[in-house]
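Asks: Mind looking at a prediction? Sequence and model below.
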Amino acid sequence: MAKVPALTDGSVAVAESGAICAYVAEVNPEAGLAPPVGDPARARYLRWLFFSPGCVEQAFLVKSFNVPVRPESAGFGDFDRVFDVLEAAVATGPWLLGERFSAADVMVGLDLHFGIDIFQLVPSRPALRAYVDRCLVRPALQRAKAIEAAGV
């Protein structure tokens, strides 16, 4: 597809943000970024992991280009519903799986950061703001930002 993001890990090449997050979580189980198969929390994890590309990013697209969409026709519903659902999910937090941070939080947290702080498409609601702020101070994200700033 000649696009990013893409990840090369030895002989493995993976594209698409959700697939990359799932791959990294599965090849590094010690990091605890995904509930293992058989864990009851796995279904919730998978829902949120795919909610970003399936709902959040679609809502951004519709809002960005002011495309009229009938909620009953769109797979994601409508813009407001997407963020109402997310607000309810993170309000009890701190993470989408409760006390457990996962790769789904990487996807949703960064999408919300872009939607609220960068693209300014999503009004900053208190629960969403607090969730994004928790995501942004994660040590791994801070390390990644330092690597990016260094041009490595």
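Replies: Arrived safely, thanks for sending.

Asks: Let me see the mean pLDDT of stretch 57-70.
Replies: For stretch 57-70, mean pLDDT rounds to 91.

Asks: Quick check: end-to-end length of that stretch?
Replies: 17 Å (Cα to Cα, to the nearest Å).

Asks: Can you tell me what sits against it?
Replies: Outside stretch 57-70, the residues within contact range by Cβ atoms under 8 Å, 6 or more residues apart in numbering are Ala74, Gly75, Phe76, Asp78, Phe79, Val82, Phe83, Asp111, Phe114, Gly115, Phe119, Leu121. The way it works is simple: take the backbone N, C-alpha and C, and place the C-beta from them, glycine included.

Asks: Look up the closest residue to the fifth one, ignoring the ones flanking it.
Replies: In space, and not counting its chain neighbours, Phe79 is closest to Ala59: 4.6 Å by Cβ to Cβ, 6 or more residues apart in numbering.

Asks: Ramachandran angles for the one you found?
Replies: Dihedral angles of Ala59 (phi, psi; degrees, to the nearest 10) stand at phi -60, psi -40.

Asks: Could you measure from it over to Asp133?
Replies: Distance of Ala59 to Asp133, given as Cβ to Cβ, to the nearest Å: 21 Å.

Asks: Return the subset of the contacts of stretch 57-70 lying in helices.
Replies: Phe79, Val82, Phe83, Asp111 (DSSP state H).

Asks: okay, now the residue nearest to the second one when sequence neighbours are not counted: neighbour count?
Replies: For Val82, ignoring the flanking residues on the chain, the nearest one in space by Cβ to Cβ, 6+ apart is Ala59 at 4.4 Å. Here the neighbour count serves as a burial measure; for Ala59 (other Cβ atoms under 10 Å) it reads 25.

Asks: just the one 10 residues further on next, same as before
Replies: Here the number of neighbours of Val69 (other Cβ under 10 Å) works out to 17.

Asks: can you tell me which helix or strand it belongs to?
Replies: Val69 is located outside every helix and strand, with elements delineated by DSSP states H and E.

Asks: List phi and psi for it.
Replies: phi -130, psi 130.

Asks: coming back round to it: could you export the contacts of stretch 57-70 as a markdown table, including distance to Gly32?
Replies: Shown next, in a markdown table, are the contacts of stretch 57-70 (distance: Cβ to Cβ, whole Å):
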| residue | distance to Gly32 |
| --- | --- |
| Ala74 | 34 |
| Gly75 | 31 |
| Phe76 | 29 |
| Asp78 | 34 |
| Phe79 | 33 |
| Val82 | 27 |
| Phe83 | 28 |
| Asp111 | 21 |
| Phe114 | 25 |
| Gly115 | 26 |
| Phe119 | 31 |
| Leu121 | 31 |
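
Asks: Much appreciated, bye for now.
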